Structure formats: structure tokens, C-alpha cells
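[1] Would you be able to build a 3D model of this:
(2 chains)
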Protein chains: 2
Amino acid sequence: MSSPAHPIGTSPVLATARRAKEAAAALAPLPRSARDAALVAIADALEARADEVVAANAEDIVKARAAGTAESIVDRLTLTPRRVAAIAADVRDVVALPDPVGEVVRGSTLPNGLELRQVRVPLGVVGIIYEARPNVTVDAAALCLKSGNAVLLRGSSSAYASNTALVGVLRDAVEKAGLPADAVQLVPGEGREAVHELMRARGLVDVLIPRGGASLIQTVVNESTVPVIETGVGNCHVYVDESADLEMAVDILVNSKAQRPSVCNAAETVLVHAGIADRFLPRALAALTAAGVTVHGDEAWRAAGRAAGTEVTAATDEDWATEYLSYDIAAAVVPDLDAAAAHIRRWASGHTEAIVTKDTSAARRFVSLMDSSAVMVNASTRFTDGGQFGFGAEIGISTQKLHARGPMGLPELTSTTYVVTGDGHLRD
Amino acid sequence: MSSPAHPIGTSPVLATARRAKEAAAALAPLPRSARDAALVAIADALEARADEVVAANAEDIVKARAAGTAESIVDRLTLTPRRVAAIAADVRDVVALPDPVGEVVRGSTLPNGLELRQVRVPLGVVGIIYEARPNVTVDAAALCLKSGNAVLLRGSSSAYASNTALVGVLRDAVEKAGLPADAVQLVPGEGREAVHELMRARGLVDVLIPRGGASLIQTVVNESTVPVIETGVGNCHVYVDESADLEMAVDILVNSKAQRPSVCNAAETVLVHAGIADRFLPRALAALTAAGVTVHGDEAWRAAGRAAGTEVTAATDEDWATEYLSYDIAAAVVPDLDAAAAHIRRWASGHTEAIVTKDTSAARRFVSLMDSSAVMVNASTRFTDGGQFGFGAEIGISTQKLHARGPMGLPELTSTTYVVTGDGHLRD
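    The predicted model follows:
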């Protein structure tokens, strides 16, 4: 068979990907000092050219308002001098993080004297497909450069002017620091065709990371021949065990659901052991209602609602399956822990599940039955986060099992290679 | 969005995959002792029922001979009582390997007191698509069970009777040991349609590992929505640096090419620094010729061939791209190390590349410029192998960058999950 099986063609997207591959080859042998210098140059340039970025962003804002975009989304799109300064400060934080490249993951001297080292190396070319916020443009580029990768950025068309200005600043800074400007590129072209080409550029692009809503992620997962890291869809569960401390359970439930409902690590379903339901449901309903949460419950929860004079709408399979991302929660009473685990394995998206329990055996069993990126024991689901986990940076939260699972920091943006050193060793 | 996005349908393949997913859920909480007991039961049963397996294998042999299959392939297909005993012994070796499940990969106590542990867990359902040799059926099942996974096996139709008998023995043994028999299943159905369904069973199957020829692997890579681990295509290179010890370079070249040319870690191209070509080419040609190797060379190699009276055929781009898997090698002279690296990055399949050099700086630079699963310094390419690396077992050699790269042992058949333990911790 002939190799390599690189895509053939001369489209602007493939040409961009080929330049990225060349840039990746130039980045691979560079030491940390060279990559960090480029990041410092980026931070400096963002501060020096903030006005230019804000002016470009104003074009996007005008268009968004003209299109009747909701003010909450306009706010997420908006860059101010202060926000640009904060983005630059984030880049400086990335400079200070440990270098993942070159880390020896394992090593040994083999019986024949060969020295074996498994060493972290850059992935090569990382494609990021994302929506809305232009700060992701800089964050993603900084994390990719820090880990020795070239990055292909595909933001949303609503942030086109902002992203173009930001990438212009980044490329100038990278080049000034002596690295190839093509280490940071926007994917050219309008609409879905460009994204489709990017997804089929296997051999040129090493990994695609979609960041955004579930439909974007599903499209990339289904259509890409480039390996994908699936991120961020969170249908998270809180299970309240028979032995739970009631007050702790209510607090963890409300925090998991309502502390910030729009994010992927917010809880979407609560399951309650039947043996504690009588005592827990009234308290939970009162606390959820006080927090502005609407409950979509099974018959036990609806009965508790009627007793309390609180409206509980009837839950259907659609509710068990839904990532609301809003002040809504699905709720059921289950006969025991194993039934809770079976429900979760059936409906969860593999993000984060929590148990509240005083019983160490129940905690162990629950953990062993879950099939998700993170399991919380007596803690809020909201802790599944690279920042909270102490990673210093996060490129996304993987809900898949291969390569990376859970919050992804810099090591997850690397691969490894085996370096084997001998003295003329031959195989018998 | 609704989740989970499991495939809908009631075909035999999907029904098999669903049973595997249920078996995986039952395997996940089991300790090592239960999984090891099942492996011991498998080894015992293979020994006890060897006659039955050999009789089934005889049917495959008759069919293969009737179809005019080459005797070398018939030999690879053949099971004898002795070969079955060897397969059983291999299973006992797997029992003795360390358990990858439950290993704490990293952990810390966060500033707020949360205890964070990243723990290895089974992948879930592993699909293996493979060709020819029926011993792979048992090897793959044993490695999957050891690592807590359910396995879906899709062997070649030429080994259908053998595989059916083997899987029957395995399922009986697994069930006798108290584990679900559906932890080991053959994928039902004839031909490509069954394989296609398996490749689209995302959400039921966690990973597909194709083991076999390049065209099988390319098909799976291109058509699968289930995550794939690409294995085994090896267009491997030996680069002889200006500073190489001539005798060592000849020995490594011949060993890399001719010690076993049919395997993926055999060398397919040799590149020689121009500064050493005059001295190296005549020796290399003599040694390669003595080993029965045909050289497909550039003009420098052809000139050396004319001088030595040895036929060197003219190499084309097709030769640089080809994984011969035979007594053939492509050969070129390059101006320097960086040119060798550029050639390799252009044509390699990302398996194994070797440098022969006395110069430490050249070794460092070569390693830093490679983009392959393994880089050998003064050692034969043939060492890229799970057994040689001391892994005790190998499910394949990954040539991709995500999840696993290079020889894959038991840890590569696992994912990880974060277990986070608190005492009522809430997010501010």
C-alpha cells in the first residue's frame, strides 16, 4: 500500500492545513524558551494593539445588533480594552505553566541494554471549531503554542471581524518571536463547506476539538475522518443515597443545578433513594423553588409537589435525556443505588455524576458503576473544571473515553513517542 | 439536546453490541480476582477442549485448500493440539500481568480540601476486526477481559469454524467463572454489511481496533463513526548519518530489512548522508544482496550498483511510499540529516524510524524532527514491539497520535475517570 494518504486538492482550506503542517514540523524541535517567548510576544502585542481589536469587534457588535441578537449573546461577543487586557493576562498565565513537551512518561532499560523512554511530543496540527466568544481564539492559540502545536481556528461568523483582528495580532507576534506565523491560522471560507473540508483533512490535521453546542459536536463526530475529541455535552446527575446528610444533599443539589445552570457541569437530573424520599423531597422542593428551579418529576415528586403546593410538571423520557442548561431539573425516586446507577448509565452523557452519602460502601459501589468522566462523592457536579482541578488551563472537557476524558489541560494536547537508544542492537 | 445518541435498530449486529454493553457494565465493578479467575478458566477449557477446536479448524483448512489458498497462509490458519496449548499458555501469561484497572494515574488534594484521583477504568466495549490467524481470537479476548472490557470479535471468514469453536469455549469458561458470557462475542453476519454496522455503532462500541492489512485499516478509519485506533502500517526508515560506524550501520540496516521482512516494523527505505555514501554504499549493497534484498535506488545507489556489478532498479515516488513487506528496499542518498528528516516526514507512515550515528547532536536533532511512534538510535527498527518493550502483551501497534501511540499493552485498553471526594463541597 502507498502512504501517506494525505488529502489531494488545492482548496484554500487544504492549503491552510498544509501550511499548518509545515509550521508544526518547525515547532516540534523548539525548546520551551522559544515557545514561551512567542506567548510573551502575544501578550505584549494584545496590550499594545487593544484599540485595533476593540475597533474590529465593534463591527461584529453592530452586525449582531442589526440581526436582532439577544443582548446576553452580544455581551459574550463584546471585547473592551479591559477584556483584551484580561485575555493578555491569561496568556501570561499560560507562559508560567509547566511545559508538557519532553516529559518522560515512562522509561526503563530493557534486559538487552536498550534504553526505552516514552516522551511527550506535540500532537502536530490541532483544529478548534468554536462558537461565539472571541476570547477562545486567543486561549486556544496560546494553549496549542505552549504545547508545541500549530492551530487552525474556526470561530463563528458572528465574530469574524474580531477573530480576524486577533489572529492578525497573534501571527505578527509569533513571527516577531522567530516562529512561523502559520502556527496560528484562521480557517478560510464561508459556511459549512469549509468546516466539512477541515473535517476530511485526515493526514494534515491531527485532531479536531469542537467546542460549542451539542449539534455542532454531533456534526463533527459524525462527519469527521480526522480524529475528534468530543467535548462538553453534560447531562449530569445527582444521586441522593438513603444515608445522605439531608442538609448536605440539598446544598449539593442546589449548587449543582443553580449556581450556573448554563454550563456543561450543571446537574440536569436528581435521583433520590426511596428510603429517604419522604424526608428529602419536601426540603429539596422548597430549596429548588427558592432558587427559581422548575422540577420535572416522576409521580413521587409530583405527589410531594401537590403536598407542598408547588407545581411539578410530569417528566417523560425526553426529560431524562435533556441537557436543559436552564433553571429546570428532572427528578425521580429510585428503589436503590443500583437502580440509580442503571438510570444514569442509560441516560447520562458521560460528563459528571454525583452521589451524596454517608456510607463508604455506597460511595465505592456508586463510583464503580459509573461510566462518566468524573464522579463526585459529597461534592457539587460544578467542580468538573480544569481550573478547579488545578490544571491552570483548559481546552475543553472531554466526554469521550479515548485519549482524554474530563477536563483537558496541556498534557492532553500532546501525544507520545518512544525513543529507544542502543549501541548497535539487533533483533535475534 | 437529547442524549444518549445510541444507534436505533434491531439488527443482529446491534443486538450483539447491546449485549456487549450490558456485559461491560457488569464487568466494570469486578475486582482483578474475578477477571483473573475467568482467564484461568479459559486456559483450562482450551486445554480440555483442544480436540474440539482442532476438529473445527480442520473444516477451515479443508475449505482453504479447496479454494487454492497458498500453503503459507494455510499454515498461519492451522491449529494443532500443540498450538492450542501454546495459546492457553499465553492466556496464563496474561493472568500474571499487572492489573491496569484501578491504577491511580495522578492525584492531589485541592486547596479547598477536595481529594482528586484520576483512576484507570475499562474502556467498555472493544471491537477487534482482524484477519487470518485464529490465535488472535483468544489473545484479544484475554487482553480485553484482563482490562475489564467486553470484546466483539470479527475474524476473517476463512477462520469462521475455528473462531466459532474458540469463542464457544471462551464463553462457556467465562460463564462458569461467574462472568457474563456476553463479555466475549463474535460479530454475527456475513460480509461487509456486518462490519459496516459495527463501524456505525457509536455509543454502543467504545473503540474499534482493526488488525490486518492496510486496506482493511483504511476502510475502518474512513467509514467508522466509532473511535478507531489505527494500527500496524509501517513504512519504516533507516538513516545512516555521516558519523555512523559503517559496520554497525550495515548490520542495523540488514537486520531492520531482512530479519523478518513481512512485519510492520521492518525497514522499507534507507537514506544515507552524502558524506559517507562513497564508503557505505558498496558495503551496504553487498550485505543487502547477500541477504537476498533487491534495492530500488536513486542515481547514487544505481551508480554504486553499476560499479559493483549489482542490479539496482530505479526508484520512483511509488517506492518511497511503499510498504513492501518483502525482500525489497528503497534507497537514496541525501545531502544532510535535515534532508533525511524531510524525506521521512513526507513519506513515513508514522511507525518507526532509525538513525545510525556516533554524533550525540545528530541523534538529538533526528529524534526531535521525527513524527513517528518510535525512534531508534543505533538500534534496529525491529525492536518496536510490545514484547520487546517489556509490556508482556500487545494488542497492536498504534500509528496514530491520539490515545495510544506505538505498541499497545493493557494500559492502552483503558480510559480514566476522575473520582473527586469531598465533605459537602460547593462551588462559590
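
[2] Quick check, pLDDT for A:Asn219.
    To be clear, residue A:219 is Thr; Asn isn't right here. For A:Thr219, the pLDDT comes out at 86.

[3] I'd like to know how far it sits from B:Thr225.
    Separation of A:Thr219 from B:Thr225 (Cβ to Cβ, to the nearest Å): 12 Å. Using the backbone N, CA and C atoms, a C-beta is placed for each residue, glycine as well.

[4] ok, now A:Leu27?
    Applying Cβ to Cβ, the value for A:Leu27 to B:Thr225 is 31 Å.

[5] And for A:Ala300?
    Using Cβ to Cβ, A:Ala300 is found at 38 Å from B:Thr225.

[6] Ok, A:Thr10 next?
    Separation of A:Thr10 from B:Thr225 (Cβ to Cβ) stands at 28 Å.

[7] related to what we said a few turns ago, neighbour-wise, which of A:Leu27 and B:Thr225 wins?
    Per other Cβ atoms under 10 Å in any protein chain shown, whichever of A:Leu27 and B:Thr225 has more neighbours is A:Leu27, with 26 against 18.

[8] check contacts around the more buried one.
    For A:Leu27, the contact set (Cβ atoms under 8 Å, 6 or more residues apart in numbering or on different chains) comprises A:35, A:122, A:145, A:148-150, A:179-180, A:183.

[9] A:Gly409: neighbouring residues, count only.
    Using other Cβ under 10 Å, A:Gly409 has 22 neighbouring residues.

[10] Run through the residues that contact the residue nearest to it when sequence neighbours are not counted.
    Leaving aside its chain neighbours, A:Gly409 sits nearest to A:Phe391 (3.4 Å; criterion: Cβ to Cβ, 6 or more residues apart in numbering or on different chains). A:Phe391 sits next to A:407, A:409-410 when contact means Cβ under 8 Å, 6+ apart.

[11] how about those residues in CSV, adding pLDDT?
    CSV is the format used below for the contacts of A:Phe391 (pLDDT from 0 to 100):
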residue, pLDDT
A:Pro407, 97
A:Gly409, 95
A:Leu410, 97
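
[12] Now render those residues as a markdown table, adding secondary structure and distance to A:Asp359.
    Putting the contacts of A:Phe391 into a markdown table (DSSP: H, G, I helix; E, B strand; the rest coil; distance: Cβ to Cβ, whole Å) gives the following:
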| residue | secondary structure | distance to A:Asp359 |
| --- | --- | --- |
| A:Pro407 | strand | 28 |
| A:Gly409 | coil | 33 |
| A:Leu410 | coil | 38 |
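
[13] with these in mind, which one is nearest to A:Val104?
    Comparing these against A:Val104 with Cβ to Cβ places A:Leu410 closest, at 15.7 Å.

[14] Next one: the closest one from B:Glu242, what distance?
    For A:Leu410, the distance to B:Glu242 equals 37 Å [Cβ to Cβ].

[15] So for these two, which residue has more residues nearby?
    A:Leu410 (25 against 17).

[16] which residues sit against the lowest-mean-pLDDT helix or strand in chain A?
    Sorting the helices and strands of chain A by mean pLDDT, DSSP states H and E puts helix A:214-223 at the bottom, at a mean of 84. For helix A:214-223, the external contacting residues (Cβ under 8 Å, 6+ apart) are A:129, A:131, A:195-196, A:199-200, A:208, A:210, A:228, A:230-233, A:323, B:1, B:3, B:5, B:202, B:225.

[17] switch to 6 Å and redo it
    With Cβ atoms under 6 Å, 6 or more residues apart in numbering or on different chains as the test, helix A:214-223 has contacts from A:199, A:208, A:210, A:228, A:230, A:233, B:1, B:225.

[18] and it, how far from the chain's centre?
    14 Å (Cα atoms, centre = their mean, to the nearest Å).

[19] Quick check: buried residues in that helix?
    Going by neighbour count (16 or more other Cβ atoms under 10 Å in any protein chain shown), the buried part of helix A:214-223 is A:214, A:216-221.

[20] Specify the next element, helix or strand, located C-terminal of it.
    Once the chain leaves helix A:214-223, the next helix or strand it forms, by DSSP states H and E, is strand A:236-240.

[21] what's the domain layout of chain A?
    A:12-230+A:404-421, A:236-388 (automatic domain parsing).

[22] Nearest to B:Gly305, out of those?
    With Cβ to Cβ as the criterion, B:Gly305 lies closest to domain A:12-230+A:404-421 of those, at 31.5 Å.

[23] Check chain A for its longest strand and report it.
    Using DSSP state E, we find that the single longest strand of chain A is strand A:414-425.

[24] Which residue ranges of the stretch 301-428 of chain A form helices?
    Remark: helices assigned in the stretch 301-428 of chain A by DSSP state H, counting those that start in this stretch are A:317-321, A:337-347, A:360-369.

[25] and A:Ala159, that one's in a strand?
    No. Per DSSP: H, G, I helix; E, B strand; the rest coil, A:Ala159 lies outside any strand segment and is helix.

[26] any idea of the mean pLDDT in the strand or helix carrying A:Ala43?
    Here A:Ala43 sits within helix A:32-48, counting by DSSP H and E. In this model, helix A:32-48 carries a mean pLDDT of 98.

[27] what's in contact with that helix?
    Counting by Cβ under 6 Å, 6+ apart, A:84, A:88, A:91-92, A:94-95, A:99, A:142, A:145, A:169-170, A:173-174, A:176-177, A:179 sit against helix A:32-48.

[28] Check stretch A:84-100 too.
    A:32, A:36, A:39-40, A:42-43, A:46-47, A:50, A:53, A:120, A:135, A:138, A:142, A:146-147, A:392-393, A:410-411, A:414.

[29] And that stretch, what's buried?
    Quick answer for stretch A:84-100 (16+ other Cβ under 10 Å): A:84, A:87-88, A:90-91, A:94-95, A:97, A:99-100.

[30] from the middle of its chain, how far away would it be?
    With Cα atoms, centre = their mean, you get 18 Å for stretch A:84-100.

[31] ditto for stretch A:148-157
    Centre to centre, stretch against its chain (Cα atoms, centre = their mean), the figure for stretch A:148-157 is 15 Å.

[32] Extract the CA atoms of the strand or helix carrying A:Ala58 and return them as CSV.
    If you go by DSSP H and E, A:Ala58 is part of helix A:50-66. Presented in CSV, the C-alpha positions along helix A:50-66 are these (Å, rounded to 0.1, in the frame of the first residue of the first chain):
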residue,chain,number,x,y,z
ALA,A,50,-6.0,46.5,22.0
ASP,A,51,-7.7,49.5,20.3
GLU,A,52,-7.4,47.8,16.9
VAL,A,53,-9.0,44.7,18.3
VAL,A,54,-11.8,46.6,20.0
ALA,A,55,-12.5,48.5,16.8
ALA,A,56,-12.8,45.3,14.8
ASN,A,57,-15.0,43.9,17.5
ALA,A,58,-17.3,46.9,17.2
GLU,A,59,-18.1,45.8,13.6
ASP,A,60,-19.3,42.4,14.8
ILE,A,61,-21.4,44.1,17.5
VAL,A,62,-23.1,46.4,15.0
LYS,A,63,-23.9,43.4,12.8
ALA,A,64,-25.1,41.3,15.8
ARG,A,65,-27.5,44.1,17.0
ALA,A,66,-28.7,44.7,13.4
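
[33] could you give the angle of it to helix A:32-48?
    In terms of direction (axes from the mean of the first three to the mean of the last three Cα atoms, to 10 degrees), helix A:50-66 departs from helix A:32-48 by 70 degrees.

[34] Touching helix A:50-66 from outside, list them.
    Contacts for helix A:50-66 (Cβ under 6 Å, 6+ apart): A:74, A:77, A:79, A:81, A:84, A:158-159, A:161-162, A:165-166.
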